[in-house]
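> I would like the atomic coordinates for the input below:
(one chain, ligands or ions: 1)
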Amino acid sequence: MIDVRSDTVTKPTRQMLEAMTCAQVGDDILGDDPSVKELEALGASMFQKEAALFVVSGTMANQLAVMTLTNRGDEVIVGSDSHIYNLEVGALAALSQVQARPVECVEGRPDPAVFECAIQEAGIQRTHTGLICLENTYDLNRGYPVPREEMESIVNLAANYGVPVYLDGARIFNAASALGTTVEELTRPVAALQVCLTKGLCAPFGSLLIGDGAFIEKARWLRQRIGGGMRQAGYMAAAAVVALRTMPEQIGRDNWNARLLAERIAARIPEIISPHTVKSNIINLDLAQSRVDTEQFYQAVLEKDVLIKPLGGAHFRMICHYGIGEPEMDQIVDAIVHAFAKARIH
Ligand SMILES: Cc1ncc(COP(=O)(O)O)c(C=O)c1O
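Numbering: from 1, shown residues only. Alright, predicted model coming up:
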């Protein structure tokens with residue numbers, strides 16, 4: 001089965017599994033796990049920030065950042081298509097006790113004028129804007145890379161109002177590669193960010209929250225409060241160290257493959273895909289203009305041993321990752337062409 005529902009389906013490489021079996025571990029809550037310390041130091045140095053914290057997931061990293069940087073009842077400005085707003089089970093309200101103010105980011109672009117309008121003025125009936133959350137790549141179903149200058153203009157704007165900015169960089173390596181830069185250069189304007197280890201980087205577990213020493217110290221304390229303190233997490237950290245050392249260099253291949261796959265599908269069925277909209281490793285199929293039974297289309301793709309993600313309506317998503325190379329791409333194109341023909345309504 002070829003699974004392109006997400007890059008989260010990636011499995012650890014052999015080198016990661018070997019690193020796990022011989023990892024040095026200790027009680028990380030007591031600060032005794034050398035592998036976790038190595039991972040946190042490596043993450044901080046790759047992004048040229050002071051410190052990092054190994055956490056269970058991207059969702060936990062995002063919520064810890066919000067809890068660390070805001071007060072109860074604050075407002076947090078978020079992109080209306082962001083993960084933190086749409087796909088974290090209402091955690092902004094339920095766990096972090098803040099109110100979200102969603103703003104539109106057309107094609108992933110955070111417009112400073114739009115963000116400025118969303119910042120609260122002082123007033124007896126108003127709350128306080130406590131944080132701006134950016135995301136890069138932006139929109140889990142589109143994967144728009146956001147250039148550094150665009151993030152920087154939001155950071156500069158926010159600084160005028162004394163509002164901190166946090167970046168959800170779940171796929172920051174895909175963004176950097178798509179923009180032809182490094183993660184350090186791309187994220188330099190933001191003081192705090194997270195990166196997921198489990199997506200294109202193929203680690204089995206976790207995210208890194210990254211920022212200055214005081215931010216990470218408070219986040220570490222809050223991680224304990226929400227039950228995210230870990231003991232011998234070094235087995236997982238050892239795999240993540242290998243992920244950070246070995247995987248970034250091949251992330252560009254995933255972006256490249258996504259564009260190639262889109263072009264190959266477009267060459268056969270131009271009406272369901274526009275290759276120029278593929279900006280990183282994420283591909284969207286839009287069958288709205290086709291006379292096709294979408295459920296039958298999905299089932300027919302599956303028949304050919306290819307798993308894609310239905311997004312509702314006539315939209316489907318595919319994400320390229322380490323497990324997708326030439327033979328898999330051929331099979332995916334065949335499956336989609338077969339399914340499109342089979343599901344056509346005559
Ligand atoms: C942009 C973004 N942020 C955060 C997350 C959450 O990561 P996790 O699934 O590890 O909680 C995801 C997961 O897909 C994501 O795409």
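
> Pull the residues that contact the longest helix along the chain.
Across the chain, the longest stretch assigned as helix under DSSP state H is helix 248-268. For helix 248-268, the external contacting residues (Cβ atoms under 8 Å, 6 or more residues apart in numbering) are 7, 173-174, 177-178, 183, 200-201, 272-275, 277-278, 280-283, 285, 318-322, 324-325, 329, 332-333, 336-337. Backbone N, C-alpha and C define where each C-beta goes, glycine included.

> Excluding chain neighbours, what is closest to the residue of the stretch 101-250 of the chain found nearest the ligand?
The ligand sits closest to Ala170 of the stretch 101-250 of the chain, with a gap of 3.4 Å, by Cβ to the nearest ligand atom. In space, and not counting its chain neighbours, Ala170 is closest to Cys196: 4.2 Å by Cβ to Cβ, 6 or more residues apart in numbering.

> which stretch of helix or strand covers Ala65?
Using DSSP states H and E, Ala65 sits within helix 58-69.

> Please point out which parts of stretch 115-132 sit buried.
Of all the residues in stretch 115-132, those buried under the rule 16 or more other Cβ atoms under 10 Å are 115, 119-120, 129-132.

> my bad, stretch 132-146
Those would be 132-140, 142-146, for stretch 132-146 by 16+ other Cβ under 10 Å.

> can the residues you listed go into a markdown table with extra columns for secondary structure, pLDDT and distance to Ile210?
Formatted as a markdown table, the buried residues of stretch 132-146 follow (DSSP: H, G, I helix; E, B strand; the rest coil; pLDDT from 0 to 100; distance: Cβ to Cβ, whole Å):
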| residue | secondary structure | pLDDT | distance to Ile210 |
| --- | --- | --- | --- |
| Ile132 | strand | 98 | 17 |
| Cys133 | strand | 98 | 15 |
| Leu134 | strand | 98 | 14 |
| Glu135 | strand | 98 | 15 |
| Asn136 | coil | 98 | 14 |
| Thr137 | coil | 98 | 17 |
| Tyr138 | strand | 98 | 19 |
| Asp139 | coil | 96 | 22 |
| Leu140 | coil | 95 | 20 |
| Arg142 | coil | 96 | 24 |
| Gly143 | coil | 98 | 21 |
| Tyr144 | strand | 98 | 22 |
| Pro145 | coil | 98 | 19 |
| Val146 | coil | 98 | 17 |
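
> now, which of these sits nearest Ala41?
Closest approach to Ala41 among these (Cβ to Cβ): Asn136, at 23.6 Å.

> ok, now which ones touch the closest one?
145-146, 151, 167-169, 171-172, 175, 186.

> before we move on, back to that, can you select the buried ones among the contacts of helix 248-268 for me in PyMOL?
Here is the PyMOL command that picks out the buried ones among the contacts of helix 248-268, judged by 16+ other Cβ under 10 Å:
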select buried, resi 7+173+174+177+178+183+200+201+272+273+275+278+280+281+282+283+285+318+319+320+321+322+324+329+332+333+336
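
> In helices only, show me the contacts of helix 248-268.
Filtering the contacts of helix 248-268 for helices - DSSP H - leaves 173-174, 177-178, 183, 329, 332-333, 336-337.

> so who does the residue in the chain positioned nearest to the ligand touch?
Nearest residue of the chain to the ligand, counting by Cβ to the nearest ligand atom: Gly58, 2.4 Å away. Residues near Gly58 by Cβ under 8 Å, 6+ apart: 83, 168, 170, 194, 196, 198, 207.

> Distance of it relative to Asp32?
Separation of Gly58 from Asp32 (Cβ to Cβ, to the nearest Å): 26 Å.

> Is Val195 part of a helix or strand, or is it coil?
Following DSSP: H, G, I helix; E, B strand; the rest coil, we place Val195 in the strand state.

> now swap in Gly130 and tell me
Put simply, Gly130 is strand when judged by three-state DSSP.

> Setting the sequence-adjacent residues aside, check what's closest to it.
Closest to Gly130 by Cβ to Cβ, 6+ apart is Asp74, at 2.9 Å.

> My read is that that neighbour contacts Ala100, right?
No - at 10.4 Å, Asp74 does not count as touching Ala100 under the criterion of Cβ atoms under 8 Å.

> I'd like the distance between Ile265 and Glu295.
Ile265 is 20 Å from Glu295, by Cβ to Cβ.

> Tell me the bridge partners for Pro310.
Phe316 (DSSP bridges).

> wait, doesn't it sit right on Phe316?
Yes - applying Cβ under 8 Å as the test, Pro310 and Phe316 come out as touching, 5.7 Å apart.

> List the residues that are in contact with both of these two.
Counting by Cβ under 8 Å, 6+ apart, the shared contacts of Pro310 and Phe316 are Tyr298.

> Looking at these two, which one has more neighbours?
Neighbours of Pro310 and Phe316, each counted by other Cβ atoms under 10 Å, are more numerous for Phe316; the result is 26 against 16.

> picking that back up, if you average the pLDDT over the longest helix of the chain, what comes out?
When pLDDT is averaged along helix 248-268, the result is 98.

> Spell out which parts of this protein neighbour the ligand.
Proximity of the chain to the ligand (Cβ under 6 Å from any ligand atom) is limited to residues 57-59, 62, 83, 135, 140, 168, 170, 196, 198, 207.
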